[in-house]
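>>> any chance you can model this:
(3 chains)
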Amino acid sequence: MRDLLLFTISCILLNNILLIQYLGNCPFLGTSKRMETATGMAMAVVFVLVLAGVMTWLTRKYILVPFNLVYLQTIVFILVIAALVQFVEMFLRKSIPVLYSGLGIYLPLITTNCAVLGVCLINVNEDYDFLQMLVSSFAYPVGFGLALILFAGVRERILLARVPKPLQDTAIGLITAGLLSLTFFAFKGMV
Amino acid sequence: MKEMINMVVVLTILSVTSGGSLAFLRDKTKDRIEQQQLKFVKGPAIMSVLPNVTNDPTESYFKLNAGTKQERSFFVGMVDGKQKYVAFESKGKGFGGEIGLMIGVDLETDQVVGVGITTHAETPGLGSRAKTDPAFTNQFKGKPLMETFKVKSDGGNIDALSGATITSRGVSDGVTQAGAIYKELKPQILEGLKTVKK
Amino acid sequence: MAKTIVQEFTKGLWKEIPPFRLVLGLCPTLALTKSVENGVGMGFALTFVLVCSNILIAALRKVIPPKVRIACFIIIVATFVIIVELMMQAYTYSLYEKMGIFIPLIVVNCIPLGRAEAFAYKNGIIRSILDGLGMGIGYTLSLGSLALIRETIGTGSLVGAIPFLFSYNFTNIFGEAYQPFSFMVEAPGAFVCLGLMLCVMNMLGKK
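Predicted structure coming up:
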């Protein structure tokens, strides 16, 4: 139990998927201009990743490995994720319109979010068992959301500041992300 | 309706072509990939447990059956043309699953010359230090392989990694097992050495 | 906007050079620029995938129904990514190990999919090849130059090999006394360095 807890913390802070492992940077810069979109994206990623983690893990264990098709892993995983996202979108629109109005527009973006495919690949590459896989599929996107929301908060402030022209927009965004990454770096050695 | 059929047909043809061509390519590259994996995945582990060898152990190895169980590969390390060490794999039970070990033995003195972790599923930052912290595996060096290894809390002489007793115990068990295998197969290993080219 | 054929090629080298002008494919840009070897390796892999997928998509653009085009693009791109994965495992295994998870992630890199959607699906084969080649080389150059800065400052030396071409080994470029600025090869340095490069590109672009 203690180990799982430490593992969770390590996924959220120490190995933060965005700032330390560099995955999912496109939506990180794209959706962090406003707090509202950042929160929406963060929630959508957590939601989809838990489902995607379970699906891809089961697919690999019960289809790819028994039939000796592990080399097709990349293509199978991305198709599973794409189908899953499509399915979730339809399901939410029909049954939970409230949630859909919050997360809906971010769902199509998630298929090409490399954090999602990335975590699914980490899960199988590191040979996690079911429980570890579940924890990592939950904790990594929580770390993603944490970084995204923190970053959006900083970025809203930057809008009010006078930034030199060549540094505007993405450039200052990246430097800010660097400083944020530095703070996450300080967690190293904590566990 | 026509559009539907069109979509299904295109997608099916595309998937089948893609699957077919990949299967073909996979078949063509399979042997080469296996050899490369032996060289790059096992290679560094073998080299790290065998000090100062002058040959490439991934190219000079032989296989033996341990009892009636599965085949094991024994990698021979040579120093100046003389067969001095042998490295082989063993495993122990860790916290997150099996821990794969590579163990190097001096053929003359039967002493451990190195222990390396090849694969593991231990908790990152805790049990995973068994692999990254050389101070832990170095404890096995120079001890006779045929004795039993235990962590200190079990009455042995191996310092466990703090916060990762189960992992440390697993590694110790793995090395102890390796000792049993080595003891059992020693005559066959000496036979096998003759089949490897000098 | 009838561009000449030459322009289709050169736009990827400066005017629309990824990832600086087109902010796409950032993850490998940050993660694989610790050393020139990784950066250029990634550039090569991406160029191969991009050119091949562009050719195939341009050739099939009349056959692929618009409604399922994204699914088709994904299948095509993923197929070439697996080809790269297998080839790298067979021929440049050590590089494959270093790049690890980022090779399968080319599928979601946005550049191959983005070019397929924005260009190859609407243009002929020749133009698509040139577009893919230009973008690929532009990407390789960007990654290479970023990696050059990071590796030189961060470790004080340049060691490695460009796959299939040559290997190099310069140690202690700044002399023995240089203390490596290891911030540059860690994650925070990647963000800051890319941000500063973007700033320089913006300044040059303004003229």
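>>> from here on, contacts and neighbour counts on C-alpha atoms
OK.
>>> and chain A, which of its residues are near chain C?
A:19-26, A:71-72, A:74-75, A:78-79, A:111-114, A:117-118, A:121-122, A:166-167, A:170-182, A:185 (CA under 8 Å from any CA of the partner chain).
>>> from the centre of chain C, give me the residue that's furthest out.
residue C:177 (34.1 Å; CA atoms, centre = their mean).
>>> mind checking pLDDT for that one?
We note a pLDDT of 78 for residue C:177 in this prediction.
>>> run through the residues that contact it.
By CA atoms under 8 Å, 6 or more residues apart in numbering or on different chains, residue C:177 lies in contact with nothing.
>>> and the gap between it and chain A?
26 Å (CA to the nearest CA, to the nearest Å).
>>> cool, and residue B:179?
27 Å.
>>> residue contacts, that residue?
B:145-148.
>>> now whichever residue of chain B sits closest to chain C: closest residue in space, sequence neighbours ignored.
Nearest residue of chain B to chain C: residue B:33, at 4.6 Å (CA to the nearest CA). The shortest distance from residue B:33 to any non-neighbouring residue, by CA to CA, 6 or more residues apart in numbering or on different chains, is to residue C:90 (4.6 Å).
>>> tell me the buried residues in stretch B:45-54?
The neighbour-count check on stretch B:45-54 (16 or more other CA atoms under 10 Å in any protein chain shown) flags B:45-50, B:53 as buried.
>>> okay, now residue B:134: neighbour count?
Each residue near residue B:134 was counted by other CA atoms under 10 Å in any protein chain shown, and the total is 12.
>>> look up phi and psi at the residue farthest from the centre of chain C.
Phi and psi for residue C:177, reported as degrees, to the nearest 10, are phi -80, psi -10.
>>> for the worst-scoring helix or strand of chain B on mean pLDDT, list the C-alpha coordinates in PDB.
The weakest-scoring helix or strand in chain B, judged by mean pLDDT, DSSP states H and E, is strand B:61-65 (a mean of 75). Extracted C-alpha coordinates of strand B:61-65, given in PDB (Å, rounded to 0.1, in the frame of the first residue of the first chain):
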ATOM      1  CA  TYR B  61      28.000 -18.800 -25.600                       C
ATOM      2  CA  PHE B  62      26.500 -22.300 -25.200                       C
ATOM      3  CA  LYS B  63      23.200 -23.600 -24.000                       C
ATOM      4  CA  LEU B  64      22.500 -26.200 -21.300                       C
ATOM      5  CA  ASN B  65      19.300 -27.700 -19.800                       C
END
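>>> list the neighbouring strands of the helix or strand following it plus their orientation.
Downstream of strand B:61-65, the next assigned helix or strand under DSSP states H and E is strand B:71-79. Strand pairing for strand B:71-79, determined by DSSP bridges: strand B:61-65 (antiparallel), strand B:82-93 (antiparallel).
>>> just those strands: most buried one?
strand B:82-93 (a mean of 21; mean count of other CA atoms under 10 Å in any protein chain shown).
>>> what does it contact?
With CA under 8 Å, 6+ apart as the criterion, strand B:82-93 contacts B:46, B:49-50, B:72-78, B:98-108, B:167, B:170-175, B:177-178, B:193, B:198.
>>> give me the buried entries from those residues.
For the contacts of strand B:82-93, buried by 16+ other CA under 10 Å: B:46, B:49-50, B:74-78, B:98-107, B:167, B:170-175, B:177-178, B:193.
>>> can you list the low-confidence ranges for the chain?
Since no chain was named, I'll use chain A. Low-confidence segments of chain A (pLDDT under 70): A:1, A:104, A:189-191.
>>> if you could check chain B rather than the one you did, that'd help
For chain B (pLDDT under 70), the answer is B:66-70, B:124-125, B:197-198.
>>> and the next helix or strand past the biggest helix by length in chain C?
As assigned by DSSP state H, the longest helix anywhere in chain C is helix C:125-155. Next helix or strand after helix C:125-155 toward the C-terminus (DSSP H and E): strand C:158-162.
>>> so what does the next helix or strand after that following strand touch, helix or strand wise?
On the C-terminal side of strand C:158-162, the nearest following helix or strand under DSSP H and E is strand C:166-170. Under the contact criterion of 3 or more CA pairs under 8 Å, 6 or more residues apart in numbering or on different chains; DSSP states H and E, strand C:166-170 touches strand C:158-162.
>>> give the partner strands of the strand it packs on in its sheet and their orientations.
Sheet pairing for strand C:158-162, using DSSP bridges, gives strand C:166-170 (antiparallel).
>>> any idea of the mean pLDDT in the strand it pairs with?
78.
>>> repeat for stretch C:99-111
84.
>>> would you list every one of the helices in the chain?
Unless you meant another one, I'm taking chain A. A:2-9, A:25-30, A:35-59, A:73-95, A:97-103, A:107-110, A:114-125, A:130-158, A:170-185.
>>> the chain in question should be chain B.
Using DSSP H, helices in chain B cover B:2-37, B:43-49, B:129-132, B:134-138, B:165-195.
>>> return the most buried member of those.
helix B:43-49 (a mean of 21).
>>> does chain C sit close to it?
No - counting by CA under 8 Å from any CA, no contacts exist between helix B:43-49 and chain C, the nearest distance being 11.1 Å.
>>> near residue A:12, how many other residues are there?
24.
>>> now the residue in chain C that chain B sits nearest to: how far from chain A?
Residue nearest to chain B within chain C: residue C:90 (4.6 Å; CA to the nearest CA). Per CA to the nearest CA, residue C:90 is found 13 Å from chain A.
>>> surely that residue is in a strand?
No - applying DSSP: H, G, I helix; E, B strand; the rest coil, one finds residue C:90 to be helix, outside a strand.
>>> go ahead and confirm it touches residue B:36.
Yes - with contact defined as CA atoms under 8 Å, residue C:90 reaches residue B:36; the gap is 6.6 Å.
>>> distance from stretch A:165-181 to the middle of the chain?
With CA atoms, centre = their mean, to the nearest Å as the basis, stretch A:165-181 stands 21 Å off its chain's centre.
>>> give me the contacts around the least confident helix or strand of chain B.
With contact meaning CA under 8 Å, 6+ apart, strand B:61-65 is reached by B:71-76, B:188-189, B:192-193, B:195-196.
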